[in-house]
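[1] Compute the structure for the input listed below.
(6 chains)
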Protein chains: 6
Amino acid sequence: MDTPERLAQEEKGTAGFLSDTAVSHIGLTVPDIDATEKFYLRVLGLVRQTELPNGVRLGWGPHGHHVVDLFQGPKGLAYYGFEVRDENGIAGLRGRLFEAGVEFADMNPEDITAPAGMPEGITFTDPDGTRVHFHSQVQRQGETTSDSGRRPVKFQHTTLGTSDVARMVDFYTTIVGFRISDQLRDGNFCWLRSDKDHHTLAVVFTGKGGDLDHYSYDLAEWEDFKAWCDRLTVLNVDVAWGPGRHGPGNNLFVFFNDPAGNHIELSAEMEKFYDDRVNYLPRVWNPIPNSVNLWGGQLPRWRKVSEGNPV
Amino acid sequence: MDTPERLAQEEKGTAGFLSDTAVSHIGLTVPDIDATEKFYLRVLGLVRQTELPNGVRLGWGPHGHHVVDLFQGPKGLAYYGFEVRDENGIAGLRGRLFEAGVEFADMNPEDITAPAGMPEGITFTDPDGTRVHFHSQVQRQGETTSDSGRRPVKFQHTTLGTSDVARMVDFYTTIVGFRISDQLRDGNFCWLRSDKDHHTLAVVFTGKGGDLDHYSYDLAEWEDFKAWCDRLTVLNVDVAWGPGRHGPGNNLFVFFNDPAGNHIELSAEMEKFYDDRVNYLPRVWNPIPNSVNLWGGQLPRWRKVSEGNPV
Amino acid sequence: MDTPERLAQEEKGTAGFLSDTAVSHIGLTVPDIDATEKFYLRVLGLVRQTELPNGVRLGWGPHGHHVVDLFQGPKGLAYYGFEVRDENGIAGLRGRLFEAGVEFADMNPEDITAPAGMPEGITFTDPDGTRVHFHSQVQRQGETTSDSGRRPVKFQHTTLGTSDVARMVDFYTTIVGFRISDQLRDGNFCWLRSDKDHHTLAVVFTGKGGDLDHYSYDLAEWEDFKAWCDRLTVLNVDVAWGPGRHGPGNNLFVFFNDPAGNHIELSAEMEKFYDDRVNYLPRVWNPIPNSVNLWGGQLPRWRKVSEGNPV
Amino acid sequence: MDTPERLAQEEKGTAGFLSDTAVSHIGLTVPDIDATEKFYLRVLGLVRQTELPNGVRLGWGPHGHHVVDLFQGPKGLAYYGFEVRDENGIAGLRGRLFEAGVEFADMNPEDITAPAGMPEGITFTDPDGTRVHFHSQVQRQGETTSDSGRRPVKFQHTTLGTSDVARMVDFYTTIVGFRISDQLRDGNFCWLRSDKDHHTLAVVFTGKGGDLDHYSYDLAEWEDFKAWCDRLTVLNVDVAWGPGRHGPGNNLFVFFNDPAGNHIELSAEMEKFYDDRVNYLPRVWNPIPNSVNLWGGQLPRWRKVSEGNPV
Amino acid sequence: MDTPERLAQEEKGTAGFLSDTAVSHIGLTVPDIDATEKFYLRVLGLVRQTELPNGVRLGWGPHGHHVVDLFQGPKGLAYYGFEVRDENGIAGLRGRLFEAGVEFADMNPEDITAPAGMPEGITFTDPDGTRVHFHSQVQRQGETTSDSGRRPVKFQHTTLGTSDVARMVDFYTTIVGFRISDQLRDGNFCWLRSDKDHHTLAVVFTGKGGDLDHYSYDLAEWEDFKAWCDRLTVLNVDVAWGPGRHGPGNNLFVFFNDPAGNHIELSAEMEKFYDDRVNYLPRVWNPIPNSVNLWGGQLPRWRKVSEGNPV
Amino acid sequence: MDTPERLAQEEKGTAGFLSDTAVSHIGLTVPDIDATEKFYLRVLGLVRQTELPNGVRLGWGPHGHHVVDLFQGPKGLAYYGFEVRDENGIAGLRGRLFEAGVEFADMNPEDITAPAGMPEGITFTDPDGTRVHFHSQVQRQGETTSDSGRRPVKFQHTTLGTSDVARMVDFYTTIVGFRISDQLRDGNFCWLRSDKDHHTLAVVFTGKGGDLDHYSYDLAEWEDFKAWCDRLTVLNVDVAWGPGRHGPGNNLFVFFNDPAGNHIELSAEMEKFYDDRVNYLPRVWNPIPNSVNLWGGQLPRWRKVSEGNPV
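    The predicted model follows:
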C-alpha cells in the first residue's frame, strides 16, 4: 500500500512551518440546538456570548474569544478555526495558499471576537470541502488563566473524519505548514502539530469527508479525571470511553457525547515537541488497539482499529 | 416516641419526586449589613451584583444567578430558594401544592436572575412560615465551571432549624417531592435530597421555627480544607468546628460564622444517591456525637446531640 | 422469581454478626506455577516466604502473615481465609456451625503464619464445597503499615463464582455471621460485609460452584490508578477493565489478569458501614451495566450484566 | 559597619503598626509596551481593563481592582501601591506622615478602581523618590476567589532596589508602620511586613535608588511550580531562577523576566506572622547563598550574595 | 512572675549546643500490656522485635532501632531516649554533665539496638527523676526511608509533663545543650530543639513531674490526616483532638489515645530552624487557646490554656 | 565531524535488542568508606547487607538484591551491572559477544544476590575497560514494591563518562543490544535504552574513559522533589542542580553529591518507549543548555554544554 509509505517520509523543510498556532473555535450544526446549548452551559460550563443567525455563540465567559458556535440543522461540522500567533504567520500562509492555487478570502472581522490588536484572518476550505479559519491573536479569557492552574477546560484539538487521509495530510503539511507527529502504519490515522503540543489537528479515515470525528478539551491533571467521571455521572451523562492513555500523544483521555452525538474528549499530559531544539522524525505505530489505548487496548464501540479493516 | 417511627417509613412512591433540583440562593437579614457584605466579599469571594431595597445582592461574579441576598434587620432567614431542572418539575409542584391546599404565587421574575431560557418560578411558605422559592434553570456562572475543578465554592445545602421536624419532613416529602436520605433515631434531625447529593435540605430540631441552623458551600477536596483553615486564620476568622466528617452524608466539614452569627459550613465528598438505578431505604442513626462527627465525636459548643436532650 | 425477594429481606438479628473480620489469604492452583510466582513477585511485589508441598507461599515481605499460596495444578480455588479480630469471634462461629450441623476442624497451626498471640483457627467447606479458613489475629507486616499511607497493596476481598447465590448468602448470613450490604435485584450478585468495609466477600452467579470470580487488593487513592495502569503497561500486563467506579461499594476499580487467568482487582474509596451507630438496610440495584460501572456502564468482555441473562 | 546593628534592633512600639495592609498594584514604564502587554495577557493571564494616557491598565479580569499599569518609556518603576484594610489605617498614616514632615496628597479617585465603599487614598514619595499609593479597601475579583483555592496568581509583594537600605527601612518602620521580619547581617537586604505574610515589601541594596528589584505573585502550592515551569517553557519564556526555597520567608520560588527585563517571582508557602498572639524579634541571616536559597545556595547570574560585596 | 522572664532570655552561647540529635525511643509502663501491644501492632504498624524482662520491644520492622518499649505496670514513663549524631556530641555531653555534677553512667549496649558503628551511650535522670538515654547513631530502618516519602510514621518528639518547667528548661539548655524555640508567656510551656526541627522535646506544666504529656509521630503531609482520621475511625479509635495547627512549631496535628491513656500525636509541616545560617531569638506566645490551636482555638477536654490557670 | 552523523543513523535490526533489561547495581571505590556508608544509610535509606573484602554491600533492606557496593580506594567506578529479564537474553548476549570476539566469563554467583530461580550471569569489560555485569532475574525487595507507589527510591540508570562516545555507543548498540533514544548533535552525549524507559545507560564525553558521570534513582512524582530538597537541606546536603527537566528523556531531575563527590540524580516522569508497537528513530538535540535543562537552561558548575566545547 502506498499511503503509509508516503506518510512515513520526513517533512521536507521548515521554512513555512507554523510553530505557535493553536485551535481557536469550532462551529457545529445540531438537530436540537436548545438541548445542545443547555448541555454546553451546564456540562462544559460555557456561557452564551451572543446570538447568531440561526444559532448561538458560546464562550468560557462573557468576555474573551468564543469557543463553540451552534447552528440549528442536521448534525455536522460547519467550520473549524485556528489562532495564529506565529510572527507573519498569516502572511506566509497567504503566500503558500496563493502559490498552491488554493482560493481564500478575508475572514469576517466579527468572527474574530476579542482580538488582541488589529484582527486579521483568512478563510478557505480544506480538501474535504470544510471551511477553515486562520486568524490573528485573540484574548482567550478563561483559557489563558486556566491553563496555568487547575481549572479544567481549554479547547485543545480537532480530529477530522475523512475518506482520504493522505490528501488531507498532504494539504496541511505542504501548504498550511503543520508537521506530522505520529501516524498509524496503515495510513488511516495521522496526528499533526502547529505548536509545542503533539497535535492540534488529527485526521482519521472514517470513509466520509467533511466529518468531525471528535474534538478535545484539556484538563489540568489526572486527578480531574475522577472528578469529571463522577460529575458526568451525576449529570446523567455516560462516560463513553476511558479513562485511558493514547499511544500517539501519550495523553490521558476520557470521552463522552453531546446531545447531537459529537464525541467530546477530555485530555491531559499531552506530549510536547520542542522543534526549536530537537529534530523529530514522525513515528509509525502498529494499527492495533494497544496503540490507540496503551492501557490494555480497551476501545469503545465506535472506535475500531485493526490491521485489515478501516480504523 | 412516634416521630422516629413515622420518619423511618419508606417513601410511598416516586411519581412526584424531584431528582434534578438544587439549592439556588438564600436571603438573610443581618444587623450590620456593611460589615456582613464586606465579610462575604473578602472571605467567600462573592461580589455585589446589585442593590436591593434595604439590601444588596451578591453572586460569584457580576454575571450568573445570585447566591446571597443581605437585608438590614435583626438576624433572620428571609427566604431560601431552589433551582428545578426536572422536566416539568415546577408544573408538577404546582399541582401537588394545589392538591394539598397550599397557597402559592408566581415569583417576581427579577428574582430569577440570569435565567436559562424563559424564567418560571413559584413561591410559598414552608410549614414554619418561611418563604421558599422554586424556579426554573438559571445560569450559574462560577458554580458551573468551579464544580468541575478545584475552585472551592458552590452553595450546596440549607439546614433549617425548626420546632417540628416531622411536620417539615412530611411537607417536603409528601408535597414538594424530596426524599429522606438519613435521620437520627430520636427524630430530631432529618436529611432530605432532591438530586444525587445526599441532601440539599436538612431539618433539625432547635425549638424555634423559621430559623437557619446553618448553610453550606462545597469545596472540591480535602486539600482545600487546610488551605481554608489557614486562610480563615489569616483573615482573623475563627474556625468554629472541624475539620471533621459527618456520619449522615459522609461529608468532610468545617464551620465558621459570618458577622451576624450564621454558621457557614464548607463541605466535600458528600455521598451520592443513584435513585435511577438503586432502591434506597432511609438509614436511622443513633443520636450520639460519634454519628454527627465520625472522627471521635468532637462537637462545637452550639451543636448538642444526645439521647435524652434535644439535638 | 423467588431469589431476589428472599435476598432482599432484612437481617434477622445481630447476635452473631462479625464486625472485625477481614480477608486473610487465598490459595490458588495454577497451571504454570513458575511463571505465576514470577508474576506475583514482579507485578504485585510479593516475596516467597517458604515452599509448600507442591507449591509456594507468598507474602508482602519475609515476615508477616502470608497472602497467596500457589499450587501446581489446573486453574482453581484451593481455599480462602479470614482473620477474626472479633472478641470471642471464633468461639461464636464454632457454636453456630455446630448448631447448624456444619462439620468443622481445627486449622493446622502452620497455616496461621505470624500469629499475634496464641494462634487459633477452624476450617470447613462452604456450600459449594470450597475450603474456608477462619483464624485468630495475625501480624500483617506490610499491610498494617501500608494501609495507613500510600503504599498500594492490601488484600481486601474475595468474590466467589457460584451456581447458587441464595444458598451461599444464606450460609454466610445465617451461620457465619456476615451482613448483606448490596445486591442486584435479580439475585445474581450479592456483596457481604464482616467489618466496616462494604464487602470482604461477594458472591456472583457464574453457573459453576467452587470458582473464584476475582479477588481484590486495595490501593490508597485515585492517583495510584494512573501509576498502576502505566506500570502494568510497562510490565506488558494488559489492563482488562477500568479504571471505573462500581455502584455497589462505590469503589474505584481496575482489573488485570494473572498468568493463570485469575481476574485481579485494584480498588480504592470503598464505602464504609458504621453498624455500631447506624441501622442499614441492604440496597437493591437494577441489574444493568450502569449499576456495575457507574461511569457509563463500560464493561469488559467477561462481565455480563443484564435483566434476562445470567450475570 | 553600623547598618546591620541598627537594623537588628527590636521595633519600638506597635501603636502605628499596620496589620491588614497588602500590596495593591504596580506601575511600570517599559520600552516596548505592545510586546509587554501581550506578554502579560498571555503569560500571566491579565486582561486589559482600560487605556491610560501613554499606557494601559491590566487586571485579573474586566472587573476588580487593577494590578499592573504599563507606560511607554525607558524601563523603570513608576509607582507602587498598597491596600489598607486596617481600621483607621489611612487616618493614622496621615497623622504619622504629617508629624514626620512628609508631604502627601490625596490620590486621584480614578486610580482606586473597584473600591469597596467610599474610596480614600493618599500618595507620597518614598525616600528614594518613588511615588507610593496607600488606599482603602478595593474589590479584588480574581484574587479574592483565587487565594482560597488553586488558581495561581495573586500579586503578593514588591522588592525595591535602593542605594540606602537603612533609610528606606527606617522610613517604613518608623513612619509608615511596617515591621521587620528578616534581614541579612550586612544590612543589605531587609524584609518588611504589613499583614500576616512574612513580607509585603522588601528592600535590597542594588546601588541605585528608585529601582524595582523584582515583584512577586502567589501560587497556591508546590504542584503549580511544575505546571508553571513547563508552561513557561512552552511559551518560550526562560525560567531564570529556581524552583528553590528562600531562607527569609521560607517561601518556594521561581523567577522569570518580562520583555522589559523586570524579574517576576512566583511564590508559595510564605511564612505567616501572628502578631496578635506572639512576640517576634527580627531574625538576622548570614549573607551567604545558602540563606537566600536554602536548596544548595543555587543563584542566578543577577543575584549576588557575599560577605564582602554588595548583594 | 519570674519564670517567663527568665525563659525569655536569649541563649548564652552555642559551644555546647546539639544540632544533630533526635528522639530515639520511649519506654512506657502500661496496665494491660497485651491490649497495648496489640494496639501498637495494629494501629501504628509497629512489630514485636523481642521480649524484655516484664515487657516487649517494638520497632518499625524486625530490623532497625526499636521505637517503643512496653512494660507491665501502672501507667507511667519509664525512660526516653535521644540519638546523638553530632560529632563528639556524647563526649561533650559527658563533659558538661560532669562539670555540672550530674551523675551519669554508660548505657547497656543491648539498649542501643541496631547501632551504626561502635555503640556508645550514657544515661542519667532528668530533674524530675526520669531516666534519659543519649546514644550514638543507630540504623533507623523504616524511619530513614519513610521520611523521604509518604509513609506516615516516624517518632518525632516527646513532651514531658512537669511541676517545674523552668528547672527542666534550665537543665536542658544549660547542661544538655538544647535551644529554646518557643514558649508561652506565663512560662507554662516551652519547646526545645536539638536539630533543625522546631522541637524534639517540649515541657509543659501539669503539676506533676516525671509524667508523659504526649508524644508524637510524623506524617508526611496533610493528605495523610484524612486517611488517618478515617482509618482510626474504622479501627474504633476515637480522634481526640484535631485536625488543627499549633502556633508554636506551626505543625498540623491530630491526637488519639493508646489503651493506657497516653496521648499520641500525629504531626506534619513542623517549622525548621537553620541555626547554621540565621540567628533566632525564642518567641513568646500569649497563653490563649488561639496560640495552641491556630484554627479557632479548638481544644480537647484535657488541654487547658488560659491566662489565670495552669496550662 | 563524523561522530554525530554516525550516531544519527537508525539501528540496523532488532534481532538482538534487549527489551526487558534494567540497571541492577553499581560498585564504587571511595576515599572515606565510613563516611560514605553513613551517608548512604542516612540520606538514601540503604542498609548494610554484608561486608565485602575491603568494602560493604548495601541494599534497600536486609533482603533483596544489593544496590551499591562500596570499596576503600581512590574515587572510581569499580563496575556496573544489569538485570536481564529478556527470555534467553543472556544466552543471546553470550552469542553476540563471542561473535564479536569480546572476552567474557561467568559471574561469581555470590554477586547475584537474591536470585529468582537459578542465578546466571556473565561479566566482561566495556570499551573503556570498566567491568560490567549482566545477570538473570533477581528479587528486588524494596524496589518492586516501591515503584508501584510513592516510595521514592529505585536505582534507575548509570551515566558513564568517556573519551570516545562513538566507540561506547557502537559497542552497546551493535553487540550488547541497546537502542539509541536520544543524542546531542555534536556526538558528545547519547542516551541508550534496554527496556521501556528512555534510558538505562547514557554515555557522555568527559575526556576520560572509565569514569562515572552520575547515576540516578527514581522518585515517584514531582511532589517528592520538594520533600527531597527540603530533606537534603535538613541533612546538610547541598542540592547541586535543579529541580529541572531534561530535554532528552523529559524527566524531572535534581542532583546532589555523595561524600566521595559522585553526582547522584533523583528523577521522575521519564519518557517511555513502546518498541513493541511503534517504530522510533533516534532524535538529535542541539547541544545547548536549553536542551539539557528545558527550564531556562539553568546548569550547575560541572555540566557544560556548548557548540564549540566538550560537553
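[2] what does the stretch 201-311 of chain A put close to chain B?
    Contacts of the stretch 201-311 of chain A with chain B, taken as Cβ under 8 Å from any Cβ of the partner chain, map to A:220, A:224, A:227-228, A:230-231, A:233-234, A:236. The C-beta positions use only the backbone N, C-alpha and C, and glycine is treated the same way.
[3] from these, which ones fall inside helices?
    A:224, A:227-228, A:230-231, A:233-234 (DSSP state H).
[4] Going by distance to E:Leu252, which of those wins?
    Of all those, A:Ala227 has the smallest distance to E:Leu252: 24.4 Å, by Cβ to Cβ.
[5] I'd guessed A:Arg48 sits against A:Gly55; true?
    No. With contact defined as Cβ atoms under 8 Å, A:Arg48 does not count as touching A:Gly55 (10.7 Å).
[6] ok, those two, which is more surrounded?
    A:Gly55 (20 against 16; other Cβ atoms under 10 Å in any protein chain shown).
[7] tell me the contacts of the closest residue to the more buried one other than its chain neighbours?
    Nearest non-adjacent residue to A:Gly55, counting by Cβ to Cβ, 6 or more residues apart in numbering or on different chains: A:Phe71, 3.8 Å away. Neighbouring residues of A:Phe71 by Cβ atoms under 8 Å, 6 or more residues apart in numbering or on different chains: A:27-30, A:33, A:52, A:54-55, A:78.
[8] ok so, going back, intersect the ones in helices among the residues of the stretch 201-311 of chain A next to chain B with the contacts of chain F.
    Within those, nothing lies near chain F by Cβ under 8 Å from any Cβ.
[9] and which of those is nearest to chain C?
    A:Thr233 (5.0 Å; Cβ to the nearest Cβ).
[10] The one helix or strand A:Gln156 maps to near chain B at all?
    Counting by DSSP states H and E, the element that carries A:Gln156 is strand A:154-162. No. For a cut-off given as Cβ under 8 Å from any Cβ, strand A:154-162 has no contacts with chain B; the smallest distance is 11.8 Å.
[11] Show the subsequent helix or strand relative to that strand.
    Downstream of strand A:154-162, the first helix or strand assigned by DSSP H and E is helix A:165-170.
[12] Compute the distance from the centre of that following helix to the centre of its chain.
    Mean C-alpha position of helix A:165-170 versus that of the full chain (Cα atoms, centre = their mean, to the nearest Å) differs by 16 Å.
[13] Also stretch A:67-85?
    With Cα atoms, centre = their mean, you get 11 Å for stretch A:67-85.
[14] Likewise for stretch A:201-214?
    Relative to the centre of its chain, stretch A:201-214 is centred 11 Å away, using Cα atoms, centre = their mean.
[15] Let me know whether that stretch sits next to chain C.
    No. Applying Cβ under 8 Å from any Cβ, one finds stretch A:201-214 separated from chain C by no less than 15.5 Å.
[16] List the buried residues of that stretch.
    In terms of neighbour count (16 or more other Cβ atoms under 10 Å in any protein chain shown), stretch A:201-214 has its buried residues at A:201-206, A:209-214.
[17] Turn the residues of the stretch 201-311 of chain A next to chain B into JSON lines, columns for distance to B:Thr174 and neighbour count.
    Converted to JSON lines, those look like this (distance: Cβ to Cβ, whole Å; neighbours: other Cβ atoms under 10 Å in any protein chain shown):
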{"residue": "A:Ala220", "distance to B:Thr174": "45", "neighbour count": "23"}
{"residue": "A:Asp224", "distance to B:Thr174": "40", "neighbour count": "24"}
{"residue": "A:Ala227", "distance to B:Thr174": "35", "neighbour count": "18"}
{"residue": "A:Trp228", "distance to B:Thr174": "36", "neighbour count": "24"}
{"residue": "A:Asp230", "distance to B:Thr174": "31", "neighbour count": "18"}
{"residue": "A:Arg231", "distance to B:Thr174": "31", "neighbour count": "16"}
{"residue": "A:Thr233", "distance to B:Thr174": "29", "neighbour count": "21"}
{"residue": "A:Val234", "distance to B:Thr174": "26", "neighbour count": "16"}
{"residue": "A:Asn236", "distance to B:Thr174": "26", "neighbour count": "11"}
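[18] Kindly reformat those as CSV containing pLDDT and distance to D:Leu93.
    Below are these laid out as CSV (pLDDT from 0 to 100; distance: Cβ to Cβ, whole Å):
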residue, pLDDT, distance to D:Leu93
A:Ala220, 81, 42
A:Asp224, 85, 45
A:Ala227, 87, 46
A:Trp228, 89, 49
A:Asp230, 93, 51
A:Arg231, 88, 48
A:Thr233, 94, 55
A:Val234, 90, 51
A:Asn236, 92, 57
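[19] ok, and which of these reach chain C?
    Contacts with chain C within those, as defined by Cβ under 8 Å from any Cβ: A:230, A:233.
[20] Alright, calling it a day.
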